[in-house]
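J.: Any chance you can model this:
(4 chains)
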4 protein chains.
Amino acid sequence: MIWDFFTFIRGATEFSATALLILLGCMGDSTNQGGESKFLVASVHYGLTVMVVMHVFGFVSGAHSNPCISISCYLMGYIALEVMMMYVVCQMAGAFLGYFLLMQLLPKELVDKSKPGICLVQPMDTLSTYQVVIIECLLTAVLVLGWCSLWDVRNGRFLDSVAIRMGLLVIACSFAGIQLTGASMNPAKTLVPAIFYGSPNSVLMQLTGQILAAIMVPFVWNHAYTPPYKPLEIPVCN
Amino acid sequence: MIWDFFTFIRGATEFSATALLILLGCMGDSTNQGGESKFLVASVHYGLTVMVVMHVFGFVSGAHSNPCISISCYLMGYIALEVMMMYVVCQMAGAFLGYFLLMQLLPKELVDKSKPGICLVQPMDTLSTYQVVIIECLLTAVLVLGWCSLWDVRNGRFLDSVAIRMGLLVIACSFAGIQLTGASMNPAKTLVPAIFYGSPNSVLMQLTGQILAAIMVPFVWNHAYTPPYKPLEIPVCN
Amino acid sequence: MIWDFFTFIRGATEFSATALLILLGCMGDSTNQGGESKFLVASVHYGLTVMVVMHVFGFVSGAHSNPCISISCYLMGYIALEVMMMYVVCQMAGAFLGYFLLMQLLPKELVDKSKPGICLVQPMDTLSTYQVVIIECLLTAVLVLGWCSLWDVRNGRFLDSVAIRMGLLVIACSFAGIQLTGASMNPAKTLVPAIFYGSPNSVLMQLTGQILAAIMVPFVWNHAYTPPYKPLEIPVCN
Amino acid sequence: MIWDFFTFIRGATEFSATALLILLGCMGDSTNQGGESKFLVASVHYGLTVMVVMHVFGFVSGAHSNPCISISCYLMGYIALEVMMMYVVCQMAGAFLGYFLLMQLLPKELVDKSKPGICLVQPMDTLSTYQVVIIECLLTAVLVLGWCSLWDVRNGRFLDSVAIRMGLLVIACSFAGIQLTGASMNPAKTLVPAIFYGSPNSVLMQLTGQILAAIMVPFVWNHAYTPPYKPLEIPVCN
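T.: Sure thing, here's the model as predicted:
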């Protein structure tokens, strides 16, 4: 990887994208009062925020804004290892800044009122550790599958509405699991609030599921859903 | 049909697509508490799940994930009889696996709480048998019409947002009929929960309506909405 | 106009489209219980139904399914007078059939329960006649503007997501006016339930506003928003 | 700038677009009763109205309908200073007309009932002046970022669903901040109701944030997210 201006742009974009995702997403979460449609509203707002981030930054760096996606992107062979690591670092830094900024912007009463914490989600009590890991893995797998489909060359002509589709996918996955495991499907969104609040009890289970999905899906995608393209053989002149 | 790797990919895709449809769709259903907006939320989640499945798998096998659609696809002449039968088998197997997996993942209390059962829907009591069959037939017919439109050559340039449109179509149809007949519009989604719960009372009515629509719509589409294209005559050299 | 098979297809499509619009739209309305989000749900379902109709039938006849749109389409010069008249007749016939069919399909209790009637809407009491006419005219004008934009040659490359956009436009307009004038924006949807229930009190005001919009908007569009294209002069050989 | 017919069309379009935005948006606001989902519904309706305006007028003048966007558009170098000033004047005039018309169309009871006023929003009491300015600046910045992305040449192929994406972006931003600062993100929508109701207490804070975002974002966009294209050097013949 050459550390030129393009690399800087892509890093800055991932940083901004994740900061925006956390800042905008958790701002909506902070004023979401309890009630009948609380979980639906939270899912819709999370999905729309992903859509916003992909619309604004998608064509610069891809707008992964999620370490899982960058890991899968590397395993699929679309980005180099160094780029992936730079993306993940920028994403974590962006998530921290976004959450820190949000804490300064919100009135203290609002922050104190939210239980267990703004953007902090706890798995359902009646779920066993295995169930939490598998459900979180499954939902993150659907998200990664959505990205694999978006990256696939066969889908290359259909990118116009892809930000909307990914946003709706996040709504569907988030709503399916929000009351079970929290369904953040994003290590940055899972880790950062837990660190701020100092309550990393369930974070490990959620993270395990998310990373598992990021590693397994590219393997499945390449072996079950992709025909074995024979690469063009370009003779190398020595 | 040649049983090559492409055939395997398409079968595996239909299997995965239907498993995902049932797993993700019914997971959302399991935590959907009763309340004013219960039916709207159920419809929206079902429609979004269809959108997710079409986004992820649409360009591989078509992502029918619904035996009715595969039957109509065969009757429209787009796939061969053997492919249709393989699709239906893969779909039913996928639906079984998806529902079975879901039962393992959810805590027992959640499963017991849902009445009459997770993803199991009963027609409204005051509807006669004929009314249930016709309403279910009608709603499935709209779904099949949506697919016929998507397959039509005149629509070939407008496929970018088609997954979103089909998802919204499912939301509209599902919301229109969810309190009347359940409006699953999908034999796999109708049969599988009924078999698990062992309550196949109303399933026959729903299935009759769905299959009826799958058979009738291609006929209507070809004769009422399609101009009689004259095929190019390619001289055959003997 | 030549009465060939293409003309038949277009008439049959407008007939089916309007029947589907009324049948699906009012079926959702029949089970929409009163409550806090009643009006939002009604608007969303109406908009989604328009989206469904445009997705399924849009590329055959345009899927106006609304006499106002056909009148505007004629005034903009896109269809001939005879075609417009055929469209309107087919639309009214389709709306009647759709509503009649719906009455047969729904259980009697459901029909009796809905006040003032299924898909029948009354303007707000405190609105004067002028206010009803102008608000209905204004909302219908926005709908016609949406169609004028869709027909415009400058928009010709952007038709993929147009069914979704028109559906969302109908949601926005319907929600803005549903509690004021009913905001059906469609003479077929306004007339048919009123005739079935025999209560044509407010229908005349609503219809006046709708027809007014259908006539005025094409004039405004051509004179305020369209640059004066100079037509190509093709020499006529005598 | 030459004051020809094209200039007139663009001015008339900005005027109509802003009038429609205020008229349709605030009409929906006037009948939005308090309740659990009040703020979500208000955000959704605002976003859909933006989508409607962009669908109808987008391809004529861009349908900024927001002085902030026109200022940013000028700073990005896409329109000339005179055009920007004409746009802003037309937008403010349109917003006034739209709000004035709405006041005539709504029954007096409805207008009196709404607190603090139709489309008039007050920041949360517990927020400091700095917090209001920064949050409003931040949300407006996201909106301007969305427009910068839409204008970017790298995004030029993906304009079909852009009206929907911008509408959803407005929903996301509006919902995130509606209970904090009002999140109108539009000086026209902020100023006009305040002038009608004569309560310009918090307007200054909101306006400061909005204008700040309009000025800062183009600078950030050009320096952090855009590669330094080297312009083609066209030799000038003297």
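
J.: Please state the offset of the helix or strand A:Leu169 falls within from the chain centre?
T.: Assessed by DSSP states H and E, A:Leu169 sits inside helix A:162-177. Remark: helix A:162-177 is offset 11 Å from the chain centroid, using Cα atoms, centre = their mean, to the nearest Å.

J.: same deal with stretch A:36-48?
T.: 16 Å.

J.: distance of A:Phe175 from A:Leu40?
T.: Separation of A:Phe175 from A:Leu40 (Cβ to Cβ, to the nearest Å) stands at 6 Å. All C-beta spots, glycine's among them, are computed from the backbone N, C-alpha and C.

J.: okay, those two: which has more neighbours?
T.: Neighbour count, other Cβ atoms under 10 Å in any protein chain shown: between A:Phe175 and A:Leu40, A:Phe175 has more, with 28 against 22.

J.: Is that one in contact with A:Lys38, as I believe?
T.: No - assessed by Cβ atoms under 8 Å, A:Phe175 is found out of contact with A:Lys38, at 11.4 Å.

J.: C-terminal to the helix or strand bottoming out on mean pLDDT in chain A, what's the next element?
T.: In chain A, the helix or strand scored least confidently by mean pLDDT, DSSP states H and E is helix A:108-113, which has a mean of 83. As assigned by DSSP H and E, the chain's next helix or strand after helix A:108-113 is helix A:129-151.

J.: between that next one and helix B:162-177, how big is the angle?
T.: 130 degrees (axes from the mean of the first three to the mean of the last three Cα atoms, to 10 degrees).

J.: just how off-centre is helix A:129-151 within its chain?
T.: 10 Å.

J.: Would it count as contacting chain D?
T.: No - counting by Cβ under 8 Å from any Cβ of the partner chain, chain D has no neighbours in helix A:129-151; the shortest distance is 12.7 Å.

J.: Residue numbers of chain A in contact with chain C?
T.: A:160-161.

J.: Show me where chain A has its helices.
T.: Taking DSSP state H, the helices of chain A run over residues A:5-30, A:38-61, A:67-75, A:81-105, A:108-113, A:129-151, A:162-177, A:187-197, A:203-220.

J.: Which strands or helices does the last one pack on?
T.: In terms of contacts (3 or more Cβ pairs under 8 Å, 6 or more residues apart in numbering or on different chains; DSSP states H and E), helix A:203-220 is packed against helix A:67-75, helix A:129-151, helix A:187-197.

J.: So which of those helices is nearest B:Gly58?
T.: helix A:129-151 (8.0 Å; Cβ to Cβ).

J.: before we move on, back to that, do you know which of the helices and strands packed on helix A:203-220 lies nearest A:His55?
T.: Nearest to A:His55, of those and by Cβ to Cβ, is helix A:129-151 at 13.6 Å.

J.: what is the orientation angle of the closest one with helix B:81-105?
T.: 140 degrees.

J.: Send over helix A:129-151 as PDB, restricted to the C-alpha atoms.
T.: Written as PDB, here are the backbone C-alpha positions of helix A:129-151 (Å, rounded to 0.1, in the frame of the first residue of the first chain):
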ATOM      1  CA  THR A 129     -24.400 -17.900  25.900                       C
ATOM      2  CA  TYR A 130     -24.500 -20.200  22.900                       C
ATOM      3  CA  GLN A 131     -27.800 -18.800  21.800                       C
ATOM      4  CA  VAL A 132     -26.500 -15.200  22.000                       C
ATOM      5  CA  VAL A 133     -23.400 -16.000  20.100                       C
ATOM      6  CA  ILE A 134     -25.300 -17.900  17.400                       C
ATOM      7  CA  ILE A 135     -28.100 -15.400  16.900                       C
ATOM      8  CA  GLU A 136     -25.600 -12.400  16.800                       C
ATOM      9  CA  CYS A 137     -23.500 -14.500  14.400                       C
ATOM     10  CA  LEU A 138     -26.500 -15.200  12.200                       C
ATOM     11  CA  LEU A 139     -27.700 -11.600  12.000                       C
ATOM     12  CA  THR A 140     -24.200 -10.300  11.300                       C
ATOM     13  CA  ALA A 141     -23.900 -13.100   8.700                       C
ATOM     14  CA  VAL A 142     -27.000 -11.700   6.900                       C
ATOM     15  CA  LEU A 143     -25.400  -8.200   6.900                       C
ATOM     16  CA  VAL A 144     -22.100  -9.600   5.500                       C
ATOM     17  CA  LEU A 145     -24.100 -11.600   2.900                       C
ATOM     18  CA  GLY A 146     -25.700  -8.300   1.900                       C
ATOM     19  CA  TRP A 147     -22.300  -6.700   1.400                       C
ATOM     20  CA  CYS A 148     -20.900  -9.800  -0.400                       C
ATOM     21  CA  SER A 149     -23.900  -9.500  -2.800                       C
ATOM     22  CA  LEU A 150     -23.200  -5.800  -3.300                       C
ATOM     23  CA  TRP A 151     -19.500  -6.500  -4.100                       C
END
